[in-house]
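Asker: please work out how this folds:
(4 chains)
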There are 4 protein chains.
Amino acid sequence: MKVGFIGLGNMGSGMAANLVKAGHDVTAYNRTPSRVQPLVARGAHAASQVADACHGEVVITMLADDNAVEGVVFGEKGVLASLSNGAIHISMSTISVALSEKLEAAHTKAGQRYVSAPVFGRPQAAAEAKLFIAAAGPSDTIRKCMPLFEAMGQKIFVLGEKAPSANLVKLSGNFLIASVIESLGEALALVGKAGIDRHQYIDLLTSSLFAAPIYKTYGGLLADGKFTPAGFVAPLGLKDVRLTLAAAENLRVPMPVASLLRDRLLRLIATGGAELDWSALGSLAAKDAGLQN
Amino acid sequence: MKVGFIGLGNMGSGMAANLVKAGHDVTAYNRTPSRVQPLVARGAHAASQVADACHGEVVITMLADDNAVEGVVFGEKGVLASLSNGAIHISMSTISVALSEKLEAAHTKAGQRYVSAPVFGRPQAAAEAKLFIAAAGPSDTIRKCMPLFEAMGQKIFVLGEKAPSANLVKLSGNFLIASVIESLGEALALVGKAGIDRHQYIDLLTSSLFAAPIYKTYGGLLADGKFTPAGFVAPLGLKDVRLTLAAAENLRVPMPVASLLRDRLLRLIATGGAELDWSALGSLAAKDAGLQN
Amino acid sequence: MKVGFIGLGNMGSGMAANLVKAGHDVTAYNRTPSRVQPLVARGAHAASQVADACHGEVVITMLADDNAVEGVVFGEKGVLASLSNGAIHISMSTISVALSEKLEAAHTKAGQRYVSAPVFGRPQAAAEAKLFIAAAGPSDTIRKCMPLFEAMGQKIFVLGEKAPSANLVKLSGNFLIASVIESLGEALALVGKAGIDRHQYIDLLTSSLFAAPIYKTYGGLLADGKFTPAGFVAPLGLKDVRLTLAAAENLRVPMPVASLLRDRLLRLIATGGAELDWSALGSLAAKDAGLQN
Amino acid sequence: MKVGFIGLGNMGSGMAANLVKAGHDVTAYNRTPSRVQPLVARGAHAASQVADACHGEVVITMLADDNAVEGVVFGEKGVLASLSNGAIHISMSTISVALSEKLEAAHTKAGQRYVSAPVFGRPQAAAEAKLFIAAAGPSDTIRKCMPLFEAMGQKIFVLGEKAPSANLVKLSGNFLIASVIESLGEALALVGKAGIDRHQYIDLLTSSLFAAPIYKTYGGLLADGKFTPAGFVAPLGLKDVRLTLAAAENLRVPMPVASLLRDRLLRLIATGGAELDWSALGSLAAKDAGLQN
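Answerer: Modelled structure (predicted):
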């Protein structure tokens, strides 16, 4: 398929590479052009401006936040202005439910199609085409996008016709991950201060009731106390918790654990952790217990 | 092995049955004698008082709380007074770290041996010999108990020589489970109020990043909104969170999520949920969002 | 002084009446025109549109929220378009720090002057000219506004040259009031469930260490359990806590009590309390304790 | 009146001195005998053991915690064993509701009388006879104690016949004070990080809606960032919050702000603040915002 790809960050570069590998005709754009080169070397075309990535049947955006997506879509010669009639915009970034609603309305009005398909997984999973993809939008449009999703992910979940539902599910998923990090951080502070080996403890958990990838990944990071290099920096984590709380406030849903996570991430960032992986929020419990790590 | 078993509640009756099934010579005691009958039918002996269950090499206690264990162990003609020299008391109840320290000291002083071996798993897992067992105590004593553990559990974790460590790990594990329940409850309130199907949502989570037994068990209970019959009643959940916080306070470890869980469980119990499964704490988020369930 | 007054709600109508009473030449505008009549009866002029209230030396806005202020100021024939060169806009509404910064910039650019002067006090205090006024802006402009402030308030605090500072102080003050309500609510739930008389308890507090107006006002409301008619409805309380948290997030300041208050207010509104006085947030603690009130 | 006084700490020494000053015949006991000397210089008698302070009509205990009171009352030659028939024990320490119930029962059984009369106020207030005293117990007994209360306090509140009610009210009062400290700490972190002068801010608050002694005392300490010497050390603050939560748990009353305060105090103590005044809990918000103080 002829597909544009906008946003070659830690996640996007692996995802786009997998599209190329699967035989798709990819034209890629990135604000910092140097990041396009490795992809061109694998067979993609370089777009020198956003519009150049919008001439195919599909354009995918994978950007850092609402602002970046708004700029790229609604800006001059942006996605909205450049996409042809009936072409599809797949938004894979983690953005707000409100922006997703706005995109859905704008593309529909412009005679274009819109699908939300945010992903679960860290950069390594993106590179290995092992992402989990939560997609929502009109079912025929989703069907058309399936080959692309399959090239990037290990499993695709279709959540219905309303695109913004996928964004809400994605945000709620990141909230659940963050809550695992916090809870593990508290448990590790407790057993660690009692002198129990933290790695053995994580082994016990993850080979019994908590045998899930999340507990292995984040349990390991926390037991190691290793938060650089960041797979997902703390300010992005804060953004996602903030968007979760914003969606929750619009729906009138109090989420006390999300409130706690927001406070933890704010603190982490205010006290020197702005460049750390967001899992460092789980180290604050140990700090509060007077432990070194 | 000749083994006594004290406490035939939801968990203990399954565990004791598995010991009988594995060929051990079990003498069982329960405060309410009628619960001993089914076990006798399978080949166990009935003890009419605690002391009668203390004449073997090992006696196991599986009781509801600290008070029950203290009564049985330190009471007149209790375990401490009845166990012979060198015999082993395996405490499998979820008790406080402080009581475990007291038991360790008392048995040692009396020339007896003490092992802590609390379990993870609900009544069905107990019945199917699929418990996870966290054991701590002198290594030769642990070794001697292994055949018993293997008859009751699917996996045994040995946590070192200090018996109370196992109790702390057990409490921290229950804390982690409760925090999963709360987080799932908040996420379900959020997506549920947005009109997303709750069962489909749990399916998505548990077939991707959260593919752990805990998420399947409690996600299902929460999506169903089904909290009776209780596998583990709310007051027992409150007890465990309280004991976690008590151990944490002794070690000077603040645990904000544990504090939240304590408040949730108190509220659940104060507002009519004292007989519900503790997973009902996860339904409070939906209540606070104005949802029916 | 020739002064326009925009916004005759529960607060504004009392404030404007006090300006008239003090001899100022007041032209008042309200979206629902009928609310202007009582003021006209006391000697004010009625403005049929926003612009008509902007022909004096000063125009005061006292509106419900950011949206209302933005509409009135930046809308067609709004305050910004209508105010003459050098005239002063006194913004007395409780608005966001961000909007106050935007207003300061826009008025300055238009050759107009801007002062922030939010108030503390409920409708009765507004009617009795007993408000506390926190004002910030250029000192000569503040000086010029003093006679107006003195006609409406019992005490005026000048907080420096940066107008948005006054908005932050106002928001922080409402946060402090809300935190008093929550804490009192918890304390009343505790002593109330123990059978201690709640009015006697409030008397004790307010005639000893807590002899402050806030404790008397809100302690009384909570002991009575009387939340209608609302002096300040719950959604406005939520707005103020949200604005506090937004300003705090921009400054990277975690505020866990503010997070709790946000969750409480969301819950109150989601469960049928949208029309109640915001002090009803303090009744949730009693609900969670299983008390009637 | 012939009265014994047990416990000459920061609070007790001032209180006992005021009894002497009012003309009462005071016999004082303190574990560290040197603290009795200044009182003897003012006219008191020294007791070399607890029993020697129990020969009058009344004995007052003013000790650090439950353990100290239990030791002094139930120990060998303690208050219970030494007090004559009909004599009164006034417990003025901040102790648990549970211990107060136990004391009430024990003294009644021994034919003695018991009154709970915990106090509000810091050491300076104790020295100046400006304490607030919350008393509960049989009304004739209370009446008999009035001259003593009046010698030590500026105001006495009588809370009914059940002595433990006074302890609950005292604990709830300390909870309210701690919640003021936390809220002020958060507000100061917010306005402080925005560059607003913290002392001016406290002045504004305490000369308007928050014109209460508590806000002046603790607002000043927090604005100064001055937490030594401690009037009331952090571990005693933690004790009181713990006792509040214990009483609340017995009554099934969730108190989320109290839970937060407990976590704050634990953290303060775990991270080097064990010797600081408990108001230092209010400095943690600033730390979490990345401020120096």
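
Asker: what count of nearby residues applies to A:H55?
Answerer: For A:H55, the neighbour count with other Cβ atoms under 10 Å in any protein chain shown is 15. Where you see a C-beta, it was placed from the backbone N, CA and C, and this is true even at glycine.

Asker: pretty sure it is in a strand, no?
Answerer: No - A:H55 is assigned coil when assessed by DSSP: H, G, I helix; E, B strand; the rest coil, not a strand.

Asker: quick check: what element follows the longest helix belonging to chain A along the chain?
Answerer: Across chain A, the helix with the greatest residue count (assigned by DSSP state H) is helix A:163-193. Next helix or strand after helix A:163-193 toward the C-terminus (DSSP states H and E): helix A:198-206.

Asker: close to chain B, is whichever helix or strand comes after that next one?
Answerer: Going down the chain from helix A:198-206, the next helix or strand is helix A:213-224, by DSSP H and E. Yes - Helix A:213-224 lies in contact with chain B when judged by Cβ under 8 Å from any Cβ of the partner chain; the contacting residues are A:P213, A:I214, A:Y215.

Asker: can you show me the CA trace of stretch A:71-89 as PDB?
Answerer: What follows is the C-alpha trace of stretch A:71-89 in PDB, where atoms were taken according to Å, rounded to 0.1, in the frame of the first residue of the first chain:
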ATOM      1  CA  GLY A  71       0.300  21.300  14.100                       C
ATOM      2  CA  VAL A  72       0.900  18.600  11.500                       C
ATOM      3  CA  VAL A  73      -2.800  18.000  10.800                       C
ATOM      4  CA  PHE A  74      -4.300  21.500  11.000                       C
ATOM      5  CA  GLY A  75      -1.200  23.500  10.000                       C
ATOM      6  CA  GLU A  76      -0.700  25.100   6.600                       C
ATOM      7  CA  LYS A  77      -0.100  22.400   3.900                       C
ATOM      8  CA  GLY A  78      -0.900  19.900   6.700                       C
ATOM      9  CA  VAL A  79      -2.600  16.500   6.600                       C
ATOM     10  CA  LEU A  80      -6.100  17.900   6.400                       C
ATOM     11  CA  ALA A  81      -5.300  20.200   3.500                       C
ATOM     12  CA  SER A  82      -3.200  17.600   1.700                       C
ATOM     13  CA  LEU A  83      -5.000  14.300   2.000                       C
ATOM     14  CA  SER A  84      -7.100  13.300  -1.100                       C
ATOM     15  CA  ASN A  85     -10.800  12.500  -0.900                       C
ATOM     16  CA  GLY A  86     -11.500   9.100   0.700                       C
ATOM     17  CA  ALA A  87      -7.900   8.800   2.000                       C
ATOM     18  CA  ILE A  88      -7.300   7.600   5.500                       C
ATOM     19  CA  HIS A  89      -5.500   9.200   8.400                       C
END
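
Asker: between the residues of helix A:213-224 next to chain B, which sits nearest chain C?
Answerer: Chain C has its nearest neighbour among the residues of helix A:213-224 next to chain B in A:I214, at 24.3 Å by Cβ to the nearest Cβ.

Asker: still on that earlier bit, the longest helix of chain A and chain B, are they touching?
Answerer: Yes - in this structure, helix A:163-193 sits against chain B according to Cβ under 8 Å from any Cβ; the contacting residues are A:165, A:168-169, A:172-173, A:175-177, A:179-180, A:182-184, A:186-187, A:189-191, A:193.

Asker: show me which of those residues neighbour chain C.
Answerer: Filtering the residues of helix A:163-193 next to chain B for neighbours of chain C using Cβ under 8 Å from any Cβ leaves an empty set.

Asker: right, is the longest helix of chain A up against chain D?
Answerer: No - when contact is scored as Cβ under 8 Å from any Cβ, no part of helix A:163-193 falls within range of chain D; the minimum is 8.8 Å.

Asker: can you pull the contacts of the spatially most central residue of chain A?
Answerer: Nearest to the geometric centre of chain A sits A:T94, at 4.9 Å (Cα atoms, centre = their mean). Residues in contact with A:T94, defined by Cβ atoms under 8 Å, 6 or more residues apart in numbering or on different chains, are A:D65, A:P118, A:N167, A:K170, A:L171, A:N174, A:L236, A:K239, A:D240, A:L243.

Asker: now the fourth one. Nearest residue, chain neighbours left out?
Answerer: It stands for A:K170. Of all residues beyond its chain neighbours, the one nearest A:K170 is A:P118 (3.6 Å), with distances taken as Cβ to Cβ, 6 or more residues apart in numbering or on different chains.

Asker: wait, A:E275 touches A:V233, no?
Answerer: Yes - using Cβ atoms under 8 Å, A:E275 and A:V233 qualify as a contacting pair, with a distance of 6.3 Å.

Asker: list the residues that contact the residue nearest to A:K170.
Answerer: Contacts for A:P118 (Cβ under 8 Å, 6+ apart) come out as A:S91, A:M92, A:S93, A:T94, A:I95, A:I133, A:A134, A:A166, A:N167, A:V169, A:K170.

Asker: quick one, phi psi at the residue nearest to the centre of chain A?
Answerer: With angles defined as degrees, to the nearest 10, A:T94 shows backbone torsions of phi -90, psi 100.

Asker: look up how far D:E70 lies from it.
Answerer: In this structure, A:T94 and D:E70 are separated by 57 Å, where distance is defined by Cβ to Cβ, to the nearest Å.

Asker: mind giving me the domain ranges of chain A?
Answerer: Chain A breaks down into these structural domains: A:2-161, A:167-288 (assignment by automatic domain parsing).
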